[in-house]
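A.B. asks: Could you look at this predicted model? Sequence included:
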Amino acid sequence: MHITLRQLAVFTEVLKSGSTTHAAQVLALSQSAVSASLTDLEGQLGVQLFDRAGKRLIINEHGRLLYPRAMALLDHANDIELLFKQGHGALSLAASSTIGNYLLPAIIADYRRDLPDARLELTVGNSQEVIDAVSHFNADIGLIEGPCHQHDIVSQPWLQDELVIFAAPGAEIFKQPVTLETLANAPWILREQGSGTRELVDHLLLSKLSHYHVTLELGNSEAIKHAVRYGMGLSCLSRHVIADLLDSGLLREVHAPLPTMTRTLHLIQHQQKQRSRAIERFLTYCHQEVE
């Protein structure tokens, strides 16, 4: 059986109009198309839906049984059509930890305030996990802490971010001039390998030191900043991550003899992923953050 929504629409309009002629006018179809659609529906159901009295069509017990169910299906179909015309849709996001924990909450709050019924799922991981999620179509949009050079991924620059070296206010590093040597001799608490932050720290900071000692590698920026707060070592994270503790004086920035460490955060999508209205709409909120 292959009942179509068009057949159900024809059936309900014939019932309301009382004839195939009037139904054809409402549906902008030929009378023969309306008659053929109704005949085909009755053939698939194996019953007559109307009693024929000359040219008149009078609904019978079968038609009365079908009518409320047909109307329910047509109403659901209309709801679906309106849902996607309005640009709604369930979005799946994947973001690296700095972005997911510190930048996206405000963006998502604005998005949900304007679209309270829109479904949105967010997975937070390191940059490689985000790339994998987008590559395998498990996420519609990815947000990572650096470019992606994977051949099946389209990477777009998004926001500028600054990495900051920091320590507890009473740390040993502040009792002497901060040099590359004192930084090399300090205990470091860093993000795990595979994170975008760690990749940049390796490139812009650790590569400039003659040696270094990593005492802890943690996969959570919150754990790192609190470990540093309690005097366990130095670290280097996004200013977004530690802004609250810097402002409160619980952490102190270490001004190193190095150029400012900046990076560009990127939006990524699979190159074969079609941009739906829902995706386009969410991206406008992301770009408002840039402005």
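C.D. replies: Structure's in. What do you need?

A.B. asks: Show me where the stretch 101-250 of the chain has its helices.
C.D. replies: Taking DSSP state H, counting those that start in this stretch to define them, one finds helices in the stretch 101-250 of the chain at 104-114, 127-135, 180-185, 196-204, 221-229, 239-248.

A.B. asks: wait, which of those is closest to residue 212?
C.D. replies: Closest to residue 212 of the helices of the stretch 101-250 of the chain is helix 180-185 (Cβ to Cβ; 5.6 Å). Glycine gets a C-beta too; all of them are placed from N, C-alpha and C.

A.B. asks: Run through who's touching the closest one.
C.D. replies: 165, 173, 176, 205, 208-213, 234, 254, 256-258 (Cβ atoms under 8 Å, 6 or more residues apart in numbering).

A.B. asks: follow-up on the earlier one: looking at the helices of the stretch 101-250 of the chain, which one is packed in the most?
C.D. replies: Mean neighbour count (mean count of other Cβ atoms under 10 Å) peaks for helix 127-135 among the helices of the stretch 101-250 of the chain, with a mean of 22.

A.B. asks: Narrow the contacts of helix 180-185 to just the buried residues.
C.D. replies: Buried subset of those (neighbour count, 16 or more other Cβ atoms under 10 Å): 165, 173, 205, 209, 212, 234, 254, 256.

A.B. asks: Quick check, residue 189 in contact with residue 236.
C.D. replies: No - at 9.3 Å, residue 189 does not count as touching residue 236 under the criterion of Cβ atoms under 8 Å.

A.B. asks: Please name the nearest non-neighbouring residue to residue 196.
C.D. replies: residue 145 (2.8 Å; Cβ to Cβ, 6 or more residues apart in numbering).

A.B. asks: now swap in residue 252 and tell me
C.D. replies: residue 169 is the one closest to residue 252 (Cβ to Cβ, 6+ apart), at 4.6 Å.

A.B. asks: Residue 53 - how many residues pack around it?
C.D. replies: With neighbours defined by other Cβ atoms under 10 Å, the count for residue 53 comes to 8.

A.B. asks: Just checking the distance from the helix or strand where residue 35 lies to the centre of its chain.
C.D. replies: Residue 35 belongs to helix 31-45 when elements are defined using DSSP states H and E. Chain-centre distance of helix 31-45: 44 Å, with Cα atoms, centre = their mean, to the nearest Å.

A.B. asks: What's the first helix or strand after it?
C.D. replies: Heading C-terminal from helix 31-45 (DSSP H and E), you reach strand 50-53.

A.B. asks: follow-up on the earlier one: for the residue nearest to residue 196, give me its contacts.
C.D. replies: Shown in contact with residue 145 (Cβ under 8 Å, 6+ apart): 96, 98-99, 127, 161, 195-197, 199-200, 238, 263, 265-266.
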